[in-house]
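Q: everything below, folded, please.
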Amino acid sequence: MEQKAHFIGLGGVGMSATAKLLRDAGWAVTGSDEAVYPPISIVLEKEKLECRTPYAASNIPPDVNLIVIGKNAKLVPETNAEVAAAYQSGKRIASFPEILGELSTSKASVVVAGSYGKSSCSALLAHILQDAGLDPSFFIGAVPLTPSSPAQIGKGDLFVFEGDEYPSSNTDNRSKFLHLKPRHLLLTPLAHDHVNIFPTVNAYLSPFRQLVALLPQETPLIAATSGPLSKQLLGSIKRPVITYGVHEGDYRAATIAYGENDKTKFDILHEGKTLCRVATTQLGEHSIENILGCAAFVFANKLVLPDAFAHAIDGFKGVMRRLDKKSEKTSIPIYEGFGSSYDKARSAIAAVKRGFPKRNLVVVFEPHTFSWRSHDTLHWYDDVFEGAARTYIYQPASQGAGTHNQASHADIMARLKAANCNAVAITAPDEALKRIASDLKADDVVLFLTSGDLGGLIKTVPEFAEKQFPL
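A: Numbering: from 1, shown residues only. As a prediction, the model looks like this:
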């Protein structure tokens with residue numbers, strides 16, 4: 001008899017990808033959310049996964065076998081009737097990382113974890129393995145442009161996971177990646193993040209140490225050298241390690257030519273020996289680093305030959321919200337970066353500055369994550385926008401404001417003013433668009449930085465630019 005699962009919070013990127021995997025494994029899947037927005041709404045429509053809105057107890061099918069509840073402040077039984085009904089139903093309740101762990105028991109799990117670069121590395125690794133005909137299974141915690149889906153169950157032996165250190169659910173504080181039983185582990189750069197959950201560096205590194213301990217002792221850890229906390233972690237573990245980095249590591253880059261014919265080209269070296277030369281359309285040094293991490297994994301495990309690797313890199317189109325271009329119809333380059341932390345924001349700014357050195361960088365920023373709207377991390381604003389000609393600061397998100405030491409819009413602007421940053425506060429979307437539009441110049445390059453929706457500006461600013469500055 002067909003098994004049935006219901007997802008409460010289906011509009012989350014991890015929830016929707018897990019729902020697809022479970023559906024592809026033969027389950028009947030339903031789901032609900034308060035509201036669903038692009039790009040996840042597009043993914044759900046493409047995958048024919050119905051999302052019922054708003055939350056209501058009646059959304060849960062009476063004959064359901066499993067209820068998966070997302071990690072969101074609104075998904076608690078005290079304030080959400082659908083979640084309350086789920087707990088009263090007597091049915092099995094699980095988090096999506098629990099389900100991922102169960103779906104991969106017959107595969108060799110490749111977990112990609114770290115503070116930044118993990119979505120891009122997960123997508124790139126899945127693409128490389130697909131391009132080589134290895135038909136991997138994969139789960140990506142973002143919406144990739146390549147592969148064409150965030151999740152897939154393949155026929156091959158490998159299951160690539162983006163692993164997240166954030167808590168699994170509102171009732172399970174274990175980091176999500178601790179459910180994934182890694183056979184292999186690719187660790188991207190580490191930097192203190194999610195300060196509302198991990199207030200100290202040691203608290204932040206603790207789940208990563210637990211994750212490394214799950215790896216079979218004989219399996220080398222693949223790890224970046226560049227993150228502020230990477231060497232601190234590596235110095236505390238005793239096991240085989242293969243390192244990578246643009247300038248330092250067993251696998252590194254050489255003879256880098258940035259933006260040559262709109263592509264960056266470089267050699268991949270292993271212990272000083274050139275393996276291959278690759279070309280990528282992806283912006284910035286961090287994209288080179290991501291490619292090196294994937295190279296370290298596939299070459300160390302003898303999965304792909306160098307020529308096949310170079311072919312896959314040339315065809316990789318990236319991940320939505322990770323410096324993807326928002327329009328091909330305007331002469332002003334407009335990109336969106338995932339600005340959920342200081343290091344991600346700095347990395348995106350550096351990439352765009354390097355890619356467009358003769359243009360004025362315009363940053364449109366939304367303090368969406370808890371870290372960006374906390375008094376405890378206001379010092380991030382002292383230099384995060386260094387290199388930008390103009391910066392617009394959207395109003396901070398309000399969800400969960402009472403759960404931490406929330407900084408106001410005025411607090412953030414005062415900190416930026418003290419740092420002599422050329423920043424302007426923007427609030428209502430219509431007024432914000434008018435202000436940005438009135439300032440926009442032909443020699444600008446625009447970078448959106450947020451993990452939210454920026455009041456729709458990610459859509460409306462490119463539309464304005466297409467009319468005023470057509471290609």
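
Q: name the residue closest to the centre of the protein, please.
A: Centroid-nearest residue in the chain: Ser119, 4.4 Å away (criterion: Cα atoms, centre = their mean).

Q: burial of Lys441, as a residue count?
A: 12 (other Cβ atoms under 10 Å). Using the backbone N, CA and C atoms, a C-beta is placed for each residue, glycine as well.

Q: now swap in the one 3 residues further on and tell me
A: The local packing count at Asp444 equals 19, with neighbours defined by other Cβ under 10 Å.

Q: isn't it right up against Ile332?
A: Yes: between Asp444 and Ile332 there is a contact under Cβ atoms under 8 Å: 5.6 Å.

Q: I'd like to know how far Arg239 sits from Glu271.
A: As for Arg239, its distance to Glu271 is 19 Å (criterion: Cβ to Cβ, to the nearest Å).

Q: what stretches of the stretch 301-450 of the chain score poorly on pLDDT?
A: Scanning the stretch 301-450 of the chain for pLDDT under 70 picks out 401-404.

Q: where do the strands sit along it?
A: When assigned using DSSP state E, counting those that start in this stretch, the strands of the stretch 301-450 of the chain occupy the ranges 324-325, 334-338, 360-365, 390-394, 423-426, 444-450.

Q: what lines up beside the second one in the sheet?
A: This points to strand 334-338. Sheet pairing for strand 334-338, assigned by DSSP bridges, gives strand 324-325 (antiparallel), strand 444-450 (parallel).

Q: for that strand, C-alpha coordinates in PDB please.
A: Below are the C-alpha coordinates for strand 334-338, written out as PDB (Å, rounded to 0.1, in the frame of the first residue of the first chain):
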ATOM      1  CA  ILE A 334      22.800  43.000 -11.900                       C
ATOM      2  CA  TYR A 335      23.600  40.000  -9.600                       C
ATOM      3  CA  GLU A 336      22.100  38.500  -6.400                       C
ATOM      4  CA  GLY A 337      24.300  37.100  -3.700                       C
ATOM      5  CA  PHE A 338      23.300  35.200  -0.600                       C
END
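
Q: quickly note the distance from Leu215 to Tyr37.
A: Separation of Leu215 from Tyr37 (Cβ to Cβ) stands at 37 Å.

Q: make JSON lines out of the strands of the stretch 301-450 of the chain and add distance to Cys51.
A: Shown next, in JSON lines, are the strands of the stretch 301-450 of the chain (distance: least, Cβ to Cβ, whole Å):
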{"stretch": "strand 324-325", "distance to Cys51": "24"}
{"stretch": "strand 334-338", "distance to Cys51": "23"}
{"stretch": "strand 360-365", "distance to Cys51": "28"}
{"stretch": "strand 390-394", "distance to Cys51": "26"}
{"stretch": "strand 423-426", "distance to Cys51": "30"}
{"stretch": "strand 444-450", "distance to Cys51": "22"}
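
Q: looking at those, which is nearest to Gly156?
A: strand 324-325 (27.1 Å; Cβ to Cβ).

Q: for Leu215 and Tyr37, indicate the residue with more neighbours.
A: Leu215 (21 against 12).

Q: what about the closest residue to that one other than its chain neighbours, how many residues nearby?
A: Excluding the flanking residues, the one nearest Leu215 by Cβ to Cβ, 6 or more residues apart in numbering is Leu185, at 5.0 Å. Using other Cβ under 10 Å, Leu185 has 25 other residues around it.

Q: which residues does Leu185 contact?
A: Val110, Val111, Ala113, Leu211, Val212, Leu215, Thr219, Leu221, Ile222 (Cβ atoms under 8 Å, 6 or more residues apart in numbering).

Q: try it again with 7 Å
A: Contacts for Leu185 were tallied using Cβ atoms under 7 Å, 6 or more residues apart in numbering; they are Val111, Ala113, Leu211, Val212, Leu215, Leu221, Ile222.

Q: and those residues as a markdown table, adding pLDDT, secondary structure and distance to Asn80?
A: Below are those laid out as a markdown table (pLDDT from 0 to 100; DSSP: H, G, I helix; E, B strand; the rest coil; distance: Cβ to Cβ, whole Å):
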| residue | pLDDT | secondary structure | distance to Asn80 |
| --- | --- | --- | --- |
| Val111 | 98 | strand | 31 |
| Ala113 | 98 | strand | 30 |
| Leu211 | 98 | helix | 31 |
| Val212 | 98 | helix | 36 |
| Leu215 | 97 | coil | 37 |
| Leu221 | 98 | strand | 40 |
| Ile222 | 98 | strand | 40 |
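
Q: what's the most distant pair in those?
A: The most distant members of the contacts of Leu185, if one measures by Cβ to Cβ, are Leu211 and Ile222, lying 12.8 Å apart.

Q: neighbour count for these two, which is higher?
A: Counted by other Cβ under 10 Å, Leu211 and Ile222 do not tie: Ile222 has more neighbours, with 27 against 21.

Q: which SS class is the nearest residue to Leu214 once chain neighbours are set aside?
A: Take Leu214 and drop its neighbours on the chain: the residue closest to it by Cβ to Cβ, 6+ apart is Pro182, 5.7 Å away. What DSSP: H, G, I helix; E, B strand; the rest coil gives for Pro182 is coil.

Q: and Pro182, what's its pLDDT?
A: Per-residue confidence (pLDDT) for Pro182: 97.

Q: ok, it to Asp63 distance?
A: Distance of Pro182 to Asp63, computed by Cβ to Cβ: 35 Å.

Q: circling back: now tabulate the contacts of Leu185 in CSV and tack on distance to Tyr55.
A: Putting those into CSV (distance: Cβ to Cβ, whole Å) gives the following:
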residue, distance to Tyr55
Val111, 31
Ala113, 31
Leu211, 33
Val212, 38
Leu215, 38
Leu221, 41
Ile222, 41
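
Q: quick check: beta-bridge partners of Leu158?
A: Ala108.

Q: OK, contacts around it?
A: Per Cβ under 7 Å, 6+ apart, neighbours of Leu158: Lys107, Ala108, Val110, Leu129, Leu134, Pro136.

Q: on the three-state scheme, the fourth one is what?
A: Here Leu129 takes the helix state, with states given by three-state DSSP.

Q: grab the nearest non-local neighbour of it.
A: Leaving out its chain neighbours, the residue that sits closest to Leu129 by Cβ to Cβ, 6+ apart is Pro136, at 4.2 Å.

Q: tell me what the strand ranked longest in the chain is packed against?
A: Ordering each strand of the chain by length in residues (DSSP state E) puts strand 251-260 first. Counting contacts by 3 or more Cβ pairs under 7 Å, 6 or more residues apart in numbering; DSSP states H and E, strand 251-260 packs against strand 263-270, helix 285-300.

Q: tell me which of those sits most buried.
A: helix 285-300 (a mean of 25; mean count of other Cβ atoms under 10 Å).

Q: ok, and what's touching it?
A: 117, 120-121, 124-125, 128, 184, 186, 188, 220, 222, 224, 226, 242, 244-246, 250-253, 256, 264, 266, 268, 270, 275, 278, 280, 304, 309, 313, 347, 350-351.

Q: excluding chain neighbours, what is closest to Arg23?
A: Using Cβ to Cβ, 6+ apart, the nearest residue to Arg23 is Val29, at 4.4 Å.

Q: let's verify the one you found: helix, strand, or coil?
A: strand.
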